[in-house]
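Below are the sequence and a predicted model; questions follow.
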Amino acid sequence: MQRRIRLLVSVLLTASVTGCVAIPDYAPGKQLINLVPSLIGKDSSLLVESLSQPHDEVWVNDTKHVTWRHLQLVGECRLSIANKGGKIVSVHWSGPLTGCHYLEAKIKELHLNN
């Protein structure tokens, strides 16, 4: 019993310190996590057109950083990309584990992940 408690405490402590949490494969948010890395190297203009006007646009040197926010009942979904020369060079996604269905649908619609 003490081992289980120690293990649970160590997992919680590790998650709180590192910010890392394991997401089970069946979680709805897992699909967007799998789609997002496949955007790297793709043409950014199609994604920008599909998701409409971004909430933030910032230029850092010759790289454009763009962020979209989409409110859901259980929280905010945020997708940020950095593009250089029209190609996506970096992607960051954050949102609830229940998924970001709007962003998932838009990315799938474009078939950018193929």
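Good, I have the coordinates. Keep in mind that what you see is a predicted model, and the values were worked out from it rather than measured.

what's the neighbour count on residue 64?
Using other CB atoms under 10 Å, residue 64 has 19 neighbouring residues. Every residue, glycine included, has its C-beta placed from N, CA and C.

Name whatever forms a beta bridge with it.
residue 59, residue 83 (DSSP bridges).

in terms of contact, does it touch residue 56 like I think?
No - contact criterion CB atoms under 8 Å: residue 64 and residue 56 do not qualify, at 10.7 Å.

could you pull out the strands for the protein?
Along the chain, counting by DSSP state E, strands occupy 56-60, 63-72, 75-84, 87-94.

Output those strands as a markdown table; include the columns mean pLDDT.
Below are the strands of the chain laid out as a markdown table (pLDDT from 0 to 100):
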| stretch | mean pLDDT |
| --- | --- |
| strand 56-60 | 88 |
| strand 63-72 | 86 |
| strand 75-84 | 86 |
| strand 87-94 | 86 |
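
right, and those - which one's nearest residue 44?
Between residue 44 and the strands of the chain, the tightest spacing by CB to CB is seen for strand 75-84, at 3.9 Å.

Going by neighbour count, which residues of that closest one are buried?
For strand 75-84, a neighbour-count test (16 or more other CB atoms under 10 Å) marks 77, 78, 79, 80, 81, 82, 83 as buried.
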